[in-house]
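Predicted model follows, preceded by the sequence.
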Amino acid sequence: MACFVAPAAVAVVTTVVQRVVRKKEAATAGGRADVMVGKWTQRLRWLNTMLWGGSALLALEHVWHGEVVLRPPFLTAVETPGGVGSVFHEMLTYGLTMTAVVVAAWGIMVGVAELRSRATKLPDTASEVVSGER
Amino acid sequence: MWLLITAGAALTASVLWYLIRPRDRYRLGFLCLILWGATLMWLVDHVLAHIQEGGPFFEFSAEATALGLSVLVLGLLIWLARLSASHSRRALRAVFKR
């Protein structure tokens, strides 16, 4: 019915967060926000792409099944008596679970990326200490 | 069926992305993320619907296949739009730098 609305709503929030983080990272590095891409900007972009992309494809499926129409009120379930309640129920059950699973998958991706970046940094640090060039 | 088609496409895109990983000129990573996002969402949808309503987990029909292919086409269109936007932005930047 409207399960894709929950991840789309979360995507709006994470997109705003990404923009704020991007400006902060650019300011810290002393560069332009429209040119620089910081570590957390890139990682938040992964989450945004998964949430926006998934919501868009799910929206097409709902249009295909006639659950979403291109005229107000957009959700056909709302037109039936008691439909608003079932729409909210689906958003809170299906929608929030979908969002939680996508965020969890993103968390694993960030964890792996962090471990990999630490693993590649360690040999450099060790060689600097050994050579005594610091 | 659309879950299987999207999951298959996500897996294929991921393998391709892994093979050309050091230089992702075609932004396959972006396509992978779109497809994996949709796959995870539909997986949750299928599991919850199966628990609550029962019935077959996958729907095999011509309509379900057509929906799966349509979803795949939309995903590819979003990826192509993003790809062309980033390429034209890079080209414009190069022009203004001169």
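Cool, got the structure. Numbers count the residues shown, from 1 in each chain, chains lettered A, B, ... in the order given.

Counting residues, which helix of the chain comes out longest?
If you meant another chain, say so; for now it's chain A. Identified as the longest helix of chain A according to DSSP state H is helix A:96-131.

please go with chain B instead
Ordering each helix of chain B by length in residues (DSSP H) puts helix B:62-97 first.

what's the spacing between A:L57 and chain B?
A:L57 sits 4 Å away from chain B, going by CB to the nearest CB, to the nearest Å. Backbone N, C-alpha and C define where each C-beta goes, glycine included.

counting contacts, what elements does the helix or strand where that residue lies pack onto?
Here A:L57, judged by DSSP states H and E, is contained in helix A:39-64. Helix A:39-64 sits against helix A:5-29, helix A:96-131, helix B:28-53, helix B:62-97, with contacts defined as 3 or more CB pairs under 8 Å, 6 or more residues apart in numbering or on different chains; DSSP states H and E.

what do you get if the cut-off is 10 Å, keeping everything else the same?
Packing partners of helix A:39-64 (3 or more CB pairs under 10 Å, 6 or more residues apart in numbering or on different chains; DSSP states H and E): helix A:5-29, helix A:96-131, helix B:2-19, helix B:28-53, helix B:62-97.

List the buried residues for that helix?
The neighbour-count check on helix A:39-64 (16 or more other CB atoms under 10 Å in any protein chain shown) flags A:41, A:43-62, A:64 as buried.

re earlier: buried deepest among the helices and strands packed on helix A:39-64, which one?
Looking across those with neighbours counted as mean count of other CB atoms under 10 Å in any protein chain shown, the highest average goes to helix B:28-53: a mean of 21.

Report the angle between it and helix A:39-64.
Following axes from the mean of the first three to the mean of the last three CA atoms, to 10 degrees, one obtains 50 degrees for the angle between helix B:28-53 and helix A:39-64.

near chain A, anything from the worst-scoring helix or strand of chain B on mean pLDDT?
Least confident element among the helices and strands of chain B, by mean pLDDT, DSSP states H and E: helix B:62-97 (a mean of 88). Yes - against chain A, helix B:62-97 shows contacts by CB under 10 Å from any CB of the partner chain at B:63-64, B:66-68, B:70-75, B:77-79, B:82, B:89, B:93.
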